[in-house]
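*Asks:* Return a 3D structure for these sequence lines:
(one chain, ligands or ions: 1)
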Amino acid sequence: MKVTVHRKAHFNAAHRLYRKDWSDEKNTVVFGKCNNPNYHGHNYELIVSVTGPIDSETGFVIDMKVLKDLIYEEVEEYLDHKNLNEDVAEFKDLNPTAENIAGVIWNRLRAKIQQHLQLEVTLYETPRNFVTYAGEE
Ligand code: NI
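*Replies:* Next comes the predicted model:
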């Protein structure tokens, strides 16, 4: 029997979406307001979902305290109040779209969660725009 547990988290971060190899006009057409040269912030809402068997001794899929601390260390401390383009190594040459941020978060958490557990992250960039990533190529 497999069960999915979910933990919510939150961080604020700034970004700018653009490609250096595109003209200003093309960047504005493709990325709209997110191309603003002076950056802008989003209130990101994150849901981390872990699926696996219930441990027969503890009754847990994963200890929520462990998951909470992991999200704090790997995501909130790492991304909260950062300029994603300037401050976060993964985005040096990667556009910090919601899709790519979800991928970065998934990779950081995946490395710290037991391999027999499945991991999915859901990232809201606005209340209406959100992405999910579960590690598929
Ligand atoms: Ni934006």
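*Asks:* Okay, helices next: where are they in the protein?
*Replies:* Along the chain, the stretches classed as helices by DSSP state H are 24-31, 64-71, 77-79, 84-87, 98-110.
*Asks:* Mean neighbour count, the ones you listed: which tops it?
*Replies:* Mean neighbours per residue, mean count of other CB atoms under 10 Å, is largest over the helices of the chain for helix 98-110, with a mean of 20. Heads up, the C-betas are built off the backbone N, CA and C, glycines and all.
*Asks:* For the residue of the chain most remote from its centre, give its distance to His6.
*Replies:* Farthest-out residue of the chain from its mean C-alpha position, per CA atoms, centre = their mean: Glu57, at 31.3 Å. As judged by CB to CB, to the nearest Å, Glu57 and His6 stand 22 Å apart.
*Asks:* Kindly report the same for Met64.
*Replies:* 10 Å.
*Asks:* repeat for Glu45
*Replies:* 12 Å.
*Asks:* who has more neighbours, the two?
*Replies:* Glu45 (16 against 13; other CB atoms under 10 Å).
*Asks:* Does that one touch Ala13 like I think?
*Replies:* No: using CB atoms under 8 Å, Glu45 is not in contact with Ala13, being 11.9 Å away.
*Asks:* what sits in contact with each of these two?
*Replies:* Shared contacts of Glu45 and Ala13 (CB atoms under 8 Å, 6 or more residues apart in numbering): none.
*Asks:* Now do the strands in this structure.
*Replies:* Using DSSP state E, the strands found in the chain span residues 2-15, 40-53, 82-83, 118-124, 130-133.
*Asks:* Find the centremost residue of the protein, please.
*Replies:* Note: the chain centre (CA atoms, centre = their mean) maps to Ala102, 3.3 Å.
*Asks:* Who are the contact partners of it?
*Replies:* So Ala102 contacts 121-123, 131-133 (CB under 8 Å, 6+ apart).
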